[in-house]
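Asker: Got a predicted model here, sequence first, then my questions.
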Amino acid sequence: DAGVIQSPRHEVTEMGQEVTLRCKPISGHNSLFWYRQTMMRGLELLIYFNNNVPIDDSGMPEDRFSAKMPNASFSTLKIQPSEPRDSAVYFCAIPRGGRRSDTQYFGPGTRLTVL
Amino acid sequence: AQTVTQSQPEMSVQEAETVTLSCTYDTSESDYYLFWYKQPPSRQMILVIRQEAYKQQNATENRFSVNFQKAAKSFSLKISDSQLGDAAMYFCAYRSMTGGGADGLTFGKGTHLIIQP
């Protein structure tokens, strides 16, 4: 159990709609990562937060993507407007505390399909 | 930028046999972490094993062990006594040690492991 809840687990939407993906670490973490997995590009880092502040968002594809981490227990990734090429599995991951904080543990992912 | 290469898109092994998955990486850093993650059909990313680059001893976790060759920038995963539950995609990943926990992972493209009963 990675200790991370993601919702929804599956999302099907139509092109042009707004999509919001959610990530909730079971115990508060001030660092959090969002990844995207596609057949073409594999697993790639989108953005990471440290102390709830975005540190590097260079992986965010374009302005249609935005992410927030208002507190240590919640983060959102929003796509507006969505496009078919955004179809992917989106993961959030947290580093575990203590001496294992260098290891990231992943949530179950959200499979997004944009028609 | 770091890159991770997994040259075997697919591997097949008989149940109870041993299989080795290859991974090479490119970096100019001297301190870093390396990981193997397993992704079964459920798509959950599961940590298999980790290695700190400053440690010469190869990491082991039960039936899983690595062969870490720092000079060659090679990090292979050996699975002994393969079991049907080992069937999955396996991803090799690199993480810099410079960011104090706030650096993302760089992944290889993955190796699909098939276990033949």
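Answerer: Now that the structure is in, tell me what you want to look at.
Asker: For the helix or strand bottoming out on mean pLDDT in chain A, could you pull out the residues that count as buried?
Answerer: Lowest by mean pLDDT, DSSP states H and E among the helices and strands of chain A is strand A:53-56, with a mean of 87. Within strand A:53-56, the residues scored as buried using 16 or more other Cβ atoms under 10 Å in any protein chain shown are residue A:56. Using the backbone N, CA and C atoms, a C-beta is placed for each residue, glycine as well.
Asker: same question, stretch B:64-80
Answerer: Of the residues in stretch B:64-80, those with enough neighbours to count as buried (16+ other Cβ under 10 Å) are B:64-66, B:68, B:73, B:75-79.
Asker: quick one: residue B:54 and residue B:29 touch, right?
Answerer: No. Between residue B:54 and residue B:29 there is no contact under Cβ atoms under 8 Å: 11.2 Å.
Asker: what's the overlap in contacts for these two?
Answerer: Listed contacts common to residue B:54 and residue B:29 are nil; contacts here mean Cβ atoms under 8 Å, 6 or more residues apart in numbering or on different chains.
Asker: How far does stretch B:35-44 stretch from one end to the other?
Answerer: 15 Å (Cα to Cα, to the nearest Å).
Asker: quick one: contacts of that stretch?
Answerer: Here stretch B:35-44 makes contact (Cβ under 8 Å, 6+ apart) with A:89, A:103, A:106, A:108-109, A:111, B:21, B:23, B:45-51, B:64, B:66, B:75, B:77, B:86-95, B:105, B:107, B:110.
Asker: Centroid-nearest residue for chain A?
Answerer: residue A:34 (3.3 Å; Cα atoms, centre = their mean).
Asker: can you check chain B too?
Answerer: When Cα atoms, centre = their mean is applied to chain B, the residue found nearest the centroid is residue B:36 (3.0 Å).
Asker: what's across from that residue in the sheet?
Answerer: Beta-bridge partners recorded for residue B:36 (DSSP bridges): residue B:49, residue B:92.
Asker: rewinding a little: strands - which of the buried residues of stretch B:64-80 land there?
Answerer: Those of the buried residues of stretch B:64-80 mapping onto strands are B:64-66, B:68, B:75-79, per DSSP state E.
Asker: Show me which of those residues is closest to residue A:53.
Answerer: Taking Cβ to Cβ as the measure, residue A:53 lies nearest residue B:75 of those, at 31.8 Å.
Asker: For the ones in strands among the buried residues of stretch B:64-80, give me CSV that also has pLDDT.
Answerer: CSV is the format used below for those (pLDDT from 0 to 100):
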residue, pLDDT
B:64, 98
B:65, 97
B:66, 98
B:68, 97
B:75, 98
B:76, 98
B:77, 98
B:78, 98
B:79, 98
